[in-house]
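K.L.:
all I have is the shape, not the residue letters:
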Ligand SMILES: [Zn+2]
Ligand SMILES: [Zn+2]
């Protein structure tokens, strides 16, 4: 009997935590903008009236167009009444080195007579300033500071604009403030784009040339994201007025308690060079009724701006000149030892952005610090995306008073999950450089399993959450439970197809000895199809499937045994069979070598273990791999992993069969979510009972979740409530009748890992 336990993925994210994330978010408080923008203000950013425009009264709601080269021209905005600009500090401002910002900290919190409070505020502002990328990146080699300063400053300003647009649009839901951020971001982007031209090819140093190439890539990618954000904002202008809550129609100028008016006054006070007219008593903001962003728009904005930010994060790891202090997984150790705080920026950024609405600075600070110190930043980023997604979508559904599903469903013919997302990004990148080599990949993906259908907004959010993190970290995030399952199975591992080595780094952190290999290790001067030039998290050596042959050899064999011998083999999301035979080749090599030393028995167990992260009839390996695997190995352990919304991956640990039924106790590959029975179609190995004649398992195509896998119509009906919860977690709330429909018109298809 299934208890009332909620639908869960990885022991961290479940229906209860999703509900808490939504409940926690107090819609009544929109956040004090002075607090929301505190980091920007403390870094010398100002909010000031546009010269020559303030006081004029032309129509509000003007749109912005991005030029073909991707710059967002501020003059394209129709000036609204009493326009405001959020401005980056001048380049000669003394905030480059972080520490100099303290004078500004004190200014912003001048009202705090209490010294302790001021000290806290300073610490908090420094943390969040780093989190938002307002502090320019430092070169690895101090001698390169001169050459890289212009690009470092331009990128810091870009981060400032992008984060300001996100805070203004998503946290404050204020169209004008979001625009102001976008204008700043695009001005900064123009500088990033101009940087390569400023580098003379003849006399430039290596580091300058690398910086120029990376800046060019960054500018092209971010321009698209900023265009998406500007478009979302414009499209929302019409929709927005129709659903503005009644209290928003009150003119802020008649409401002296308006936090936006207060913030404008505070920001004016923070400006060194502009005397803000009407500061204090006369805020220069137009009526708020025209300026409110819909919740639907916040999702589109967050998706576009997060992609922009993540491309900067990728740049930081791929540019070859700045210091990815966490490269080679040394971050946690070095932070502990040196007390240094520089770390993977993304976890802190998303914690800061996600929690900017919280009233308590203490809470915000604690959450950002916690994310920054997280030794598994990828899981931190992912869980943050899950929480914010739950919140944003719940608010949008409330606002529109309807479910976002199943209307306007994206037809499922394009792509095949995150690999397709990354491959598509890669194709765009290559095409933009007049190369077409990736076209082949994007056309072949169509023959594979389609992405589950979902509404366009859900799709945009899912893609934004995963495509760049996949590139930066890995295709699935490890959890503590998964790492424990690996460690219990073997302590010495060979990871084949290790990509950026993120899993290897996490396994090492958990006390395992890992050799990570990839045919194309990403990093400086190399290019990996899935991870680009991203600096690896763990040393990745060049090696193909053949490395698994050495791993299968007995470790204790006499001299000549390689350091690969006697290792268990691990693969995270090996490419689907239509893309590459890597998974099958690895397994074949592994089976061949352990088969040849069968006489050695199982005393050295580690050489007989294979662990896999991936899906079963989705975009991992293929049926031939599954058949070979289940012929020689039995499923000994599994661990759930957090999902990207339309994925169904997990960690499975396989042990070599001994032929002794008492030893080879397999757990079933899949079973019915309600009764625990059912048979996998084409199953080559027995599950719990050798002659289980129960029905073939069918799985919901919309979620492909374990909670949506059933053996019969009655089980599907009985398990529908929990199944519906998992659809909520995947941001596709679905009518329960749809989930109960077991007929051929319904959304269930046979689970076919061996097809
Ligand atoms: Zn059943
Ligand atoms: Zn489902």
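P.N.:
Yes, it's here. What you see is a predicted model, and the numbers here were worked out from it, not measured in a lab. Ligands and ions are numbered 1, 2, ... in the order given.

K.L.:
tell me how far the closest residue to residue 475 other than its chain neighbours lies from residue 526.
P.N.:
For residue 475, ignoring the flanking residues on the chain, the nearest one in space by Cβ to Cβ, 6 or more residues apart in numbering is residue 573 at 3.9 Å. C-betas here are computed from N, CA, C, even on glycine. Using Cβ to Cβ, to the nearest Å, residue 573 is found at 20 Å from residue 526.

K.L.:
hang on, the earlier thing: and the residue nearest to residue 475, how many neighbours?
P.N.:
As a burial measure, residue 573 scores 27 neighbours (other Cβ atoms under 10 Å).

K.L.:
what do you get for residue 595?
P.N.:
Other residues close to residue 595 by other Cβ under 10 Å number 11.

K.L.:
name the helices or strands packed onto the helix or strand in which it is found?
P.N.:
For residue 595, the host element (DSSP states H and E) is helix 582-596. For helix 582-596, the packing partners by 3 or more Cβ pairs under 8 Å, 6 or more residues apart in numbering; DSSP states H and E come out as helix 547-552, strand 568-572, helix 623-632.

K.L.:
could you redo the last one with a cut-off of 10 Å?
P.N.:
Counting contacts by 3 or more Cβ pairs under 10 Å, 6 or more residues apart in numbering; DSSP states H and E, helix 582-596 is packed against strand 492-496, helix 547-552, strand 568-572, strand 609-614, helix 623-632, strand 633-640, strand 650-656.

K.L.:
the third one packs against which elements?
P.N.:
In terms of contacts (3+ Cβ pairs under 10 Å, 6+ apart), strand 568-572 is packed against helix 480-489, strand 492-496, helix 502-509, strand 513-518, helix 547-552, helix 582-596, strand 609-614, strand 650-656.

K.L.:
would you list those in CSV and tack on mean pLDDT and distance to ligand 2?
P.N.:
CSV is the format used below for the helices and strands packed on strand 568-572 (pLDDT from 0 to 100; distance: least, Cβ to the ion, whole Å):
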stretch, mean pLDDT, distance to ligand 2
helix 480-489, 95, 23
strand 492-496, 95, 32
helix 502-509, 94, 28
strand 513-518, 95, 34
helix 547-552, 84, 35
helix 582-596, 88, 26
strand 609-614, 96, 19
strand 650-656, 94, 16
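
K.L.:
nearest to residue 310, of these?
P.N.:
helix 502-509 (14.8 Å; Cβ to Cβ).

K.L.:
buried ones in that closest one?
P.N.:
502-509 (16 or more other Cβ atoms under 10 Å).

K.L.:
nearest to residue 743, out of those residues: which one, please.
P.N.:
residue 503 (41.0 Å).

K.L.:
so who does that closest one touch?
P.N.:
378, 473-478, 482-483, 486, 493, 495, 514, 516, 537-538, 570-573, 611, 613, 651 (Cβ atoms under 10 Å, 6 or more residues apart in numbering).

K.L.:
ok, now with 8 Å
P.N.:
Contacts for residue 503 (Cβ atoms under 8 Å, 6 or more residues apart in numbering) come out as 474, 478, 495, 570, 572, 613.

K.L.:
so what does the helix or strand harbouring residue 117 touch, helix or strand wise?
P.N.:
Assigned by DSSP H and E, residue 117 belongs to helix 115-131. On a contact count with 3+ Cβ pairs under 8 Å, 6+ apart, helix 115-131 meets helix 38-42, helix 102-108, helix 345-354, helix 361-373.

K.L.:
ligand 2 is nearest to which of the ones you listed?
P.N.:
helix 345-354 (26.6 Å; Cβ to the ion).

K.L.:
buried stuff in that closest one?
P.N.:
With burial defined by 16+ other Cβ under 10 Å, the residues of helix 345-354 counted as buried are 345-354.

K.L.:
got the residues of this structure near ligand 2?
P.N.:
Within the chain, the positions adjacent to ligand 2 are 700, 702-703, 708 by Cβ under 5 Å from the ion.

K.L.:
show me the two of those that sit farthest apart.
P.N.:
Maximum distance among the residues of the chain next to ligand 2 (Cβ to Cβ): 7.5 Å, for 702 and 708.

K.L.:
which neighbours do the two share?
P.N.:
residue 727.

K.L.:
of the two, who's got more company?
P.N.:
Each of residue 702 and residue 708 has its neighbours counted (other Cβ under 10 Å); residue 708 has more, 28 against 25.

K.L.:
which residues touch the nearest residue to the more buried one once chain neighbours are set aside?
P.N.:
Once flanking residues are discounted, residue 708 sits nearest to residue 700: 3.2 Å by Cβ to Cβ, 6+ apart. Residues near residue 700 by Cβ under 8 Å, 6+ apart: 708-709, 723, 739, 747-748.

K.L.:
same question, residue 307
P.N.:
225, 228, 464, 467-468.

K.L.:
and after the least confident helix or strand in the chain by mean pLDDT, which helix or strand comes next?
P.N.:
Ranked by mean pLDDT, DSSP states H and E, the weakest helix or strand in the chain is helix 439-444, scoring a mean of 38. Per DSSP H and E, helix 439-444 leads on to helix 456-472 as the next helix or strand towards the C-terminus.

K.L.:
just to revisit the earlier point, rebuild the buried residues of helix 502-509 as a markdown table, extending it with distance to ligand 1.
P.N.:
Formatted as a markdown table, the buried residues of helix 502-509 follow (distance: Cβ to the ion, whole Å):
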| residue | distance to ligand 1 |
| --- | --- |
| 502 | 37 |
| 503 | 33 |
| 504 | 38 |
| 505 | 40 |
| 506 | 35 |
| 507 | 36 |
| 508 | 41 |
| 509 | 39 |
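
K.L.:
using a markdown table, lay out those together with distance to residue 674.
P.N.:
Formatted as a markdown table, the buried residues of helix 502-509 follow (distance: Cβ to Cβ, whole Å):
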| residue | distance to residue 674 |
| --- | --- |
| 502 | 35 |
| 503 | 33 |
| 504 | 38 |
| 505 | 39 |
| 506 | 34 |
| 507 | 35 |
| 508 | 40 |
| 509 | 38 |
